[in-house]
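S.K.: Sharing a model that was predicted from the sequence below.
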Amino acid sequence: MATDMKEKFKIKNYVKLICLRLDHYESFIEDEVNTDCISDINDFILKHKNEEGVKILIFEMKNMRMTTISQAREYIQHLHAFDYIRGLIESGHDLITSDQVDKMSIGEIITYMLDYKKE
C-alpha cells in the first residue's frame, strides 16, 4: 500500500505537522515536523494519534520556508503556540481539517491515516 500512496499523492511544497499538547495548563507544541515525504507524515500520525491530551494539526504550506517554532522563538522569545499557529493561518497556509481534507492535494492519504469517518 505504501508504494501505491507514494505514486498517487502529490505534496505541493511541504507539510507542517504539529502535535499540540492541550492537557497542560499552558498549551504547547510537543512535536513539529516539516516534510514532503508521505512516510514521515504516516510516522508522525501513528506516533501521536492515540495520545491523550494532544491534537495533530496538519498544514499544507504555500511556500518552502521550513521554519519551526524554535526558530521563530529566536526572534520572539515568548512566542505562544497559539500565536505561532495563528501566524501560519494568517500567512495563507492551509490548515487541513476533517471538513476540508478531501479538498487538499494530500487529502485522501490523511483521511486514510487519521481514520476520518466520511458521511
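M.R.: Happy to help now that I have it.
S.K.: For the chain, which segments are assigned as strands?
M.R.: 15-21, 28-35, 54-60, 94-96 (DSSP state E).
S.K.: Go through those strands and name the closest to residue 79.
M.R.: strand 28-35 (10.0 Å; C-beta to C-beta). Placement of C-beta: from N, CA and C, glycine included.
S.K.: Relative to the closest one, what are the paired strands and their orientations?
M.R.: strand 15-21 (antiparallel) (DSSP bridges).
S.K.: still on that earlier bit, can I get the strands of the chain in CSV with distance to residue 45, mean pLDDT and mean neighbour count?
M.R.: Formatted as CSV, those follow (distance: least, C-beta to C-beta, whole Å; pLDDT from 0 to 100; neighbours: other C-beta atoms under 10 Å):
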stretch, distance to residue 45, mean pLDDT, mean neighbour count
strand 15-21, 8, 91, 21
strand 28-35, 10, 93, 17
strand 54-60, 6, 87, 19
strand 94-96, 12, 76, 18
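S.K.: closest to residue 74 out of those?
M.R.: The nearest among the strands of the chain, by C-beta to C-beta, is strand 28-35 at 14.6 Å.
S.K.: Now the closest one - C-alpha only, CSV.
M.R.: The C-alpha coordinates for strand 28-35 follow below in CSV (Å, rounded to 0.1, in the frame of the first residue of the first chain):
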residue,chain,number,x,y,z
PHE,A,28,2.4,23.9,23.9
ILE,A,29,3.8,22.4,20.8
GLU,A,30,5.1,19.0,21.8
ASP,A,31,6.4,17.9,18.4
GLU,A,32,6.8,19.6,15.0
VAL,A,33,7.9,18.2,11.7
ASN,A,34,8.3,19.8,8.2
THR,A,35,8.3,17.2,5.4
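S.K.: Other residues contacting that strand?
M.R.: 14-21, 40-41, 44, 47-48, 54, 61, 66, 68-69, 81, 84 (C-beta atoms under 8 Å, 6 or more residues apart in numbering).
S.K.: So what angle separates the directions of that strand and strand 54-60?
M.R.: Here strand 28-35 runs at an angle of 30 degrees relative to strand 54-60 (axes from the mean of the first three to the mean of the last three C-alpha atoms, to 10 degrees).
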